[in-house]
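S.K.: Sequence first, predicted model second:
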Amino acid sequence: MTSYGAKDLARSFRTVRNNTITIAQEIPEDKYGFAPAAGCRTVAQTLTHIACITRIPTQVHFTERRTSLEGFDFMSAMGALKAEEGTHRGKEQILQLLRSEGDKFAALLEGATDQFLAEQVSFPAQMGELPKTRFEMLLSPKEHEMHHRGQLMVVERMLGITPHLTRQMDERIAAMQAQMKQSGAGR
């Protein structure tokens with residue numbers, strides 16, 4: 001793990017979590033009950049799901065330090081997550097949950113050794129998966145969060161909010177265009 005290690009993993013996770021927190025801050029609390037379609041999570045449920053999903057890899061990799069997922073009770077873990085999603089929380093409580101759970105997970109990632117990240121974890125035979133390194137598996141929570149954050153960015157659009165990452169990109173493009181125009185390079 002010489003080119004991308006624990007500190008990089010933690011830093012990139014924190015970046016993703018901070019962008020999620022910004023979205024959570026921008027969506028008005030009276031829209032936290034909004035669901036984009038029947039059968040979808042509400043904004044509050046999605047944010048709670050994002051906040052708490054890191055508990056599963058924490059349990060697998062840091063608490064139990066499993067080298068095999070054989071016998072891991074996914075149904076109980078997912079049931080606990082579903083219960084968290086159903087717990088009523090206000091906007092500030094959800095923001096605090098995103099911060100605290102994110103900080104805990106990032107600290108665990110940051111403290112991981114290269115040896116720990118290189119360890120192989122096997123899957124139950126019925127899954128038909130080859131073993132993966134902890135490193136590869138610990139990238140998944142960030143990827144999972146980015147998936148749901150993309151959903152929240154669509155929700156923002158549905159609510160008439162331009163996502164902050166879009167606004168930032170538009171500002172950078174406008175600044176580049178202004179600079180090109182000023183230097184005469186835009187002719």
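M.R.: Done, it's in.

S.K.: Which residues does stretch 145-160 contact?
M.R.: For stretch 145-160, contacts defined as CB atoms under 8 Å, 6 or more residues apart in numbering pick out 16-17, 19-20, 23-24, 26-28, 31, 34, 36, 43, 46-47, 49-50, 53, 162-163, 165-166. Quick note: C-beta positions are derived from backbone N, CA and C, even for glycine.

S.K.: same thing but at 10 Å, please
M.R.: 13, 16-17, 19-20, 22-24, 26-28, 31, 34-36, 40-43, 46-47, 49-51, 53-54, 98, 102, 161-166 (CB atoms under 10 Å, 6 or more residues apart in numbering).

S.K.: average model confidence for it?
M.R.: Average pLDDT, stretch 145-160: 96.

S.K.: What residues of it count as buried?
M.R.: 145, 148, 149, 152, 153, 155, 156 (16 or more other CB atoms under 10 Å).

S.K.: Spatially central, which residue of this protein would that be?
M.R.: Nearest to the mean C-alpha position of the chain, by CA atoms, centre = their mean, lies residue 145 at 2.5 Å.

S.K.: tell me the SS of that residue?
M.R.: When classified by DSSP: H, G, I helix; E, B strand; the rest coil, residue 145 comes out as helix.

S.K.: so how far is residue 154 from it?
M.R.: For residue 145, the distance to residue 154 equals 15 Å [CB to CB, to the nearest Å].

S.K.: Ok, residue 20 next?
M.R.: For residue 20 relative to residue 154 (CB to CB), the value is 14 Å.

S.K.: For the protein, give me the ranges with low pLDDT.
M.R.: The model of the chain has pLDDT under 70 over residues 1-2, 185-187.

S.K.: Swap in 50 and give it another go.
M.R.: Flagging of the chain using pLDDT under 50 yields the residue ranges 1.

S.K.: thought residue 111 was touching residue 105?
M.R.: No. Contact criterion CB atoms under 10 Å: residue 111 and residue 105 do not qualify, at 11.0 Å.

S.K.: which of these two has more neighbours?
M.R.: Taking other CB atoms under 10 Å, residue 111 and residue 105 do not tie; residue 105 has more neighbours (24 against 12).
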